[in-house]
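Trainee: build me a model:
(chains A, B, C and D)
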Amino acid sequence: MIDVLYFAWVRERIGLPKERVETNALTVADLVAELTAREDRYAAAFADVSALRVALDQELADFSAPLKGIREVAFFPPMTGG
Amino acid sequence: MIDVLYFAWVRERIGLPKERVETNALTVADLVAELTAREDRYAAAFADVSALRVALDQELADFSAPLKGIREVAFFPPMTGG
Amino acid sequence: MPVRVQAEPFDFGKECAGFGQGGSSTGAVVAFLGRVRDDSGSLVRMEIEHYPGMTEKAIGAIAAEASRRWCLNDVLVVHRHGKLTPGEAIMMVATAARHRVAAFEAAEFLMDYLKSRAPFWKKEIAADGAAWVSAIAEDEQALDRW
Amino acid sequence: MPVRVQAEPFDFGKECAGFGQGGSSTGAVVAFLGRVRDDSGSLVRMEIEHYPGMTEKAIGAIAAEASRRWCLNDVLVVHRHGKLTPGEAIMMVATAARHRVAAFEAAEFLMDYLKSRAPFWKKEIAADGAAWVSAIAEDEQALDRW
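Mentor: Prediction:
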């Protein structure tokens, strides 16, 4: 079980801010593939992962990063703070 | 007649902030030569003109600049504001 | 607290008045204020979403890195989230150092990293619709100089 | 008045509070504060001499050039002269622009030019003697980047 969080337009497309996901995905990319296969709204959110960023346990990471030991994954568009 | 002003350590070496000078000097350098010839305190202040700056009518200028039409000449060390 | 993430407005003048004033080893203070612009003239409000938990951690790491690189005597980052109106203060950074170059560079470093590495997302709500602000390539490229 | 040369202290916080707040075309404000440092621990006071008349003219020209180059919405320069104690505010600049890069660059331009082109001279009075602050080559070189 892993907590998956969505922010900004990723949250809007998927339609929720957070969910618990039962997964055996080894990497972020595997998890994205699993989610994309679920429903159209996920496919819409993950259509172009080059437009997305991911954080593992609140640290920026790559889509190739392993999920072993990770409790929280967050997907969001590039940040626009400041 | 021209007003000659001195600032910072130039003022301290010459011992006054301002004086009126009767001169026929054509350039700043000529005026410096005239002043230097006057007294030791002027010679001390103008010993190294590369360490000095000059303003003509309140605009920075070169030592080779002509004095024609100028009413106020100021000598001072490099500025240290800010 | 050198890092604050808050929904409440902050007072840029008061923050500046209270910043970096102690001691006499600080020769230079730089303060930056970011405000909600209304380029189109039709902006109703800006909404800023963030990632609670990660936000504080990310800004703290950026501020710590700036303090280390430029040997700052003091540093402050305040960033709002939630609903803001045109002209309102979004965020500020302040740096205190011995010399001006360090204070300026550290403040620009903080801004460049906050723009692209702190988890905030801006949405503009205008009279004719709402849109998420897009990240721009220049902001990402700005990180290259550090 | 965007340029003030004065013997009286000024309040950095108040100046920041009142600066660049009008309208919603200003997205970025940068403020710089210069303070009297006491590196040796024996500084009694700083005395700043200036050239009345030329000072205002020189700063005005520098501020006008910055406004022109970076299309500033607002600019402020305050510089003190006379006697100051360690930790006291010497001077400040502030810039308001649409974007942060312009606000930062214009503030740094102002500082670089004020340092070397505005007629101020600093004298440090310490317990063991007084000395005029020397101009440093770095400050002159800083002008080359503009």
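Trainee: could I get the buried residue list for the least confident helix or strand in chain C by mean pLDDT?
Mentor: When each helix and strand of chain C is scored by mean pLDDT, DSSP states H and E, helix C:137-141 comes last, with a mean of 90. By neighbour count on 16 or more other C-beta atoms under 10 Å in any protein chain shown, the buried set for helix C:137-141 is residue C:139. No exception for glycine: its C-beta is placed from N, CA and C like everyone else's.
Trainee: now do residue C:29 against residue C:124, distance only.
Mentor: From residue C:29 across to residue C:124, the span is 32 Å (C-beta to C-beta, to the nearest Å).
Trainee: of the two, who's got more company?
Mentor: Using other C-beta atoms under 10 Å in any protein chain shown, the more surrounded residue of residue C:29 and residue C:124 is residue C:29, with 26 against 21.
Trainee: how about that one, secondary structure?
Mentor: Classification of residue C:29 using DSSP: H, G, I helix; E, B strand; the rest coil returns strand.
Trainee: list the contacts for it?
Mentor: C:16, C:19-20, C:94-96, C:103, D:12, D:32-33, D:35 (C-beta atoms under 8 Å, 6 or more residues apart in numbering or on different chains).
Trainee: and the strand or helix carrying residue C:121, does that touch chain D?
Mentor: Here residue C:121, judged by DSSP states H and E, is contained in strand C:120-126. No: Strand C:120-126 does not reach chain D (C-beta under 8 Å from any C-beta of the partner chain); its nearest approach is 11.6 Å.
Trainee: could you check how far the helix or strand that that strand is followed by is from the centre of its chain?
Mentor: Sequence-wise, the next helix or strand downstream of strand C:120-126 (DSSP H and E) is strand C:129-132. The chain centroid and the centroid of strand C:129-132 are separated by 22 Å under C-alpha atoms, centre = their mean, to the nearest Å.
Trainee: go on, stretch C:94-102?
Mentor: Centre-to-centre, stretch C:94-102 and its host chain are 16 Å apart (C-alpha atoms, centre = their mean).
Trainee: next, the buried residues of it.
Mentor: Residues C:94-98, C:100-102 are the ones in stretch C:94-102 that count as buried (16+ other C-beta under 10 Å).
Trainee: swap in stretch C:52-59?
Mentor: C:54-59.
Trainee: show me what contacts the residue in chain A positioned nearest to chain B?
Mentor: Residue nearest to chain B within chain A (C-beta to the nearest C-beta): residue A:82, separated by 27.3 Å. Residue A:82 sits next to C:34, C:90-91, C:111, C:114-115, C:118, C:120, D:100 when contact means C-beta under 8 Å, 6+ apart.
Trainee: go with 10 Å
Mentor: Contacts for residue A:82 were tallied using C-beta atoms under 10 Å, 6 or more residues apart in numbering or on different chains; they are C:32, C:34, C:79, C:90-91, C:93, C:110-118, C:120, C:122, C:139, D:27-28, D:100.
Trainee: ok so, going back, helices or strands up against the strand holding residue C:121?
Mentor: Judged by 3 or more C-beta pairs under 10 Å, 6 or more residues apart in numbering or on different chains; DSSP states H and E, strand C:120-126 is in contact with helix A:8-14, strand C:43-50, helix C:54-70, strand C:82-84, strand C:89-97, strand C:129-132.
Trainee: contacts for the shortest one?
Mentor: Meaning strand C:82-84. Here strand C:82-84 makes contact (C-beta under 10 Å, 6+ apart) with C:6-9, C:35-36, C:43-50, C:90, C:122-123, C:125.
Trainee: so what are the sheet partners of it and their directions?
Mentor: Strand pairing for strand C:82-84, using DSSP bridges, gives strand C:43-50 (antiparallel).
Trainee: and the strand it pairs with with helix C:54-70, angle?
Mentor: 80 degrees (axes from the mean of the first three to the mean of the last three C-alpha atoms, to 10 degrees).
Trainee: C-alpha coordinates for strand C:43-50, PDB please?
Mentor: These are the backbone C-alpha positions of strand C:43-50, laid out as PDB (Å, rounded to 0.1, in the frame of the first residue of the first chain):
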ATOM      1  CA  LEU C  43      -7.900  38.800 -13.300                       C
ATOM      2  CA  VAL C  44     -10.400  38.100 -10.500                       C
ATOM      3  CA  ARG C  45      -8.000  36.300  -8.200                       C
ATOM      4  CA  MET C  46      -5.100  33.900  -8.000                       C
ATOM      5  CA  GLU C  47      -5.300  30.600  -6.300                       C
ATOM      6  CA  ILE C  48      -2.000  29.000  -5.000                       C
ATOM      7  CA  GLU C  49      -2.000  25.300  -4.300                       C
ATOM      8  CA  HIS C  50       0.900  23.700  -2.400                       C
END
